[in-house]
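J.: Just the structure for this:
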Amino acid sequence: MSVTTAASVTLSTGSRVFLFLLCLLAVVPAAHDQGLDLQALVDPFYPIDRLKPTTPTERQSCAAVLSGPAGSPTAVVAGFTNRSSGAIRVLQRTAQGALEVAFDNPEPWVLPGTRCTIRLRDVDFDDRPEVFVSFHAVRATAGWIFKWDGTTLSNLTPTRMADGRIASLLLDPATYDLDHRGPLEIIAAREVERPGPGARSRAPAFVYRLGSAGFEVDGSLLVVAAYRADVDPRSNSRSFRLLQDSQGPFRLRIVNGDRAGNHRVTGASVTVNELTVVESGDVTGSTEFASAIVPSLGVQNHVTATLIGPPDATLLVLVEDAVERR
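T.: Residues are numbered from 1 along each chain as shown. Next up, the predicted model:
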């Protein structure tokens, strides 16, 4: 399945020519090749009755076009905000050629944000990309993940319910390939915190894997850091804190390159708090995974990687404790 994406846009209050919008969605080939005006496409479908924007600048939208195997657009996934609350809709053409709302998010969903973005990523490699909708607020970004099957938008997002409202558990989510098999993983925080000097953090980064009912928690990490060989080693350093409930032993894991065996480093040394945990000879171009025990950690820590290899070589470093969290 081929896809096109678009960045956030501000909706104008001027009228749009609806017939022109129908022609845009019907266009073949792919929308981005035709310079598809997604703002014009989703503008008439802004949910004014739900979001009630008070000024034109409060009308924000984001959108992505889903295309079928032949390259022709089949649906538009759109997000809307009033710079405070948000909404999600899917637009499709009817048999008569008219655009209509095929999906509206349920009212209990909490979608706060000053703006939104949408990206498409095929996390389970079935040629039908998942839809990642992000609502960006001042302190964090709430992420939602969906699968569109042509008629239904299925929610894959881990959520929590409070006072009848449903919120995403994914704060500042990112996609990773941690074991080079099966669907990609999502790593995200669950809460925003700003611990003071010398204080431990309360919450880890949680790892989510795709299950039968959506993304499910499958562990936690103290830190995940991605390094590139073309970066000065002095900049290849990441800091992290122990958690309030952390217990050893602590383990460092590395993932070399991608699942196709490309972009691998040919050598790497990894230090934690200036203590060498992985030596350069431990990692070669044939190394896919490696791990080592970290003897001890303080409240505040940093992990540094010195890489050898082509400029586009990458190394993923993960540090985890022995506490099981769900």
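J.: Give me the distance between the two termini of stretch 87-102.
T.: Using C-alpha to C-alpha, to the nearest Å, one end of stretch 87-102 lies 14 Å from the other.
J.: Next, the buried residues of that stretch.
T.: In terms of neighbour count (16 or more other C-beta atoms under 10 Å), stretch 87-102 has its buried residues at 87-93, 99, 102. C-beta: built from backbone N, CA, C; applies to glycine.
J.: now those residues in a markdown table, with distance to Thr314, secondary structure and pLDDT?
T.: Shown next, in a markdown table, are these (distance: C-beta to C-beta, whole Å; DSSP: H, G, I helix; E, B strand; the rest coil; pLDDT from 0 to 100):
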| residue | distance to Thr314 | secondary structure | pLDDT |
| --- | --- | --- | --- |
| Ala87 | 37 | strand | 97 |
| Ile88 | 33 | strand | 97 |
| Arg89 | 37 | strand | 96 |
| Val90 | 35 | strand | 95 |
| Leu91 | 37 | strand | 94 |
| Gln92 | 39 | strand | 91 |
| Arg93 | 41 | strand | 85 |
| Leu99 | 42 | strand | 84 |
| Ala102 | 39 | strand | 92 |
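J.: Just give me the closest of these to Thr117.
T.: Of all these, Thr117 sits closest to Ile88, with 12.3 Å by C-beta to C-beta.
J.: Need phi/psi at Pro44.
T.: Main-chain torsions, Pro44, degrees, to the nearest 10: phi -70, psi -10.
J.: burial of it, as a residue count?
T.: Neighbourhood size, Pro44 [other C-beta atoms under 10 Å]: 14.
J.: Distance of it relative to Asp232?
T.: 50 Å (C-beta to C-beta, to the nearest Å).
J.: returning to what we had before: so which two of the buried residues of stretch 87-102 are the farthest from each other?
T.: Maximum distance among those (C-beta to C-beta): 20.6 Å, for Ala87 and Arg93.
J.: ok but Asp43 is inside a helix, no?
T.: Yes: using DSSP: H, G, I helix; E, B strand; the rest coil, the secondary structure at Asp43 is a helix.
J.: circling back: how about the buried residues of stretch 87-102 in JSON lines, adding distance to Thr81?
T.: Shown next, in JSON lines, are the buried residues of stretch 87-102 (distance: C-beta to C-beta, whole Å):
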{"residue": "Ala87", "distance to Thr81": "8"}
{"residue": "Ile88", "distance to Thr81": "10"}
{"residue": "Arg89", "distance to Thr81": "12"}
{"residue": "Val90", "distance to Thr81": "17"}
{"residue": "Leu91", "distance to Thr81": "17"}
{"residue": "Gln92", "distance to Thr81": "22"}
{"residue": "Arg93", "distance to Thr81": "25"}
{"residue": "Leu99", "distance to Thr81": "21"}
{"residue": "Ala102", "distance to Thr81": "20"}
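J.: so which of those residues comes closest to Gly267?
T.: Ile88 (46.0 Å).
J.: Quick check: beta-bridge partners of that closest one?
T.: Gly79 (DSSP bridges).
J.: For it, give me its contacts.
T.: Listed by C-beta atoms under 8 Å, 6 or more residues apart in numbering, the contact set of Ile88 reads 77-80, 103-105, 109, 111, 133, 144, 153.
J.: Going by distance to Glu274, which of the residues you listed wins?
T.: The closest of the contacts of Ile88, once distances to Glu274 are taken by C-beta to C-beta, is Trp144, at 40.7 Å.
J.: From Asp258, how far off is the residue sitting furthest away from the middle of the chain?
T.: The C-alpha centroid of the chain is most remote from Gln96, which lies 35.9 Å away (C-alpha atoms, centre = their mean). Taking C-beta to C-beta as the measure, Gln96 falls 45 Å from Asp258.
J.: One more: Arg93?
T.: Distance from Arg93 to Asp258, by C-beta to C-beta: 37 Å.
J.: try Ile118
T.: 24 Å.
J.: Please apply the same query to Thr152.
T.: Taking C-beta to C-beta, one finds Thr152 at 32 Å from Asp258.
J.: again with Ser134
T.: Distance from Ser134 to Asp258, by C-beta to C-beta: 24 Å.
J.: Please identify which of the two sits among more neighbours.
T.: Neighbours per residue (other C-beta under 10 Å) separate Ser134 from Asp258, with Ser134 holding more: 22 against 14.
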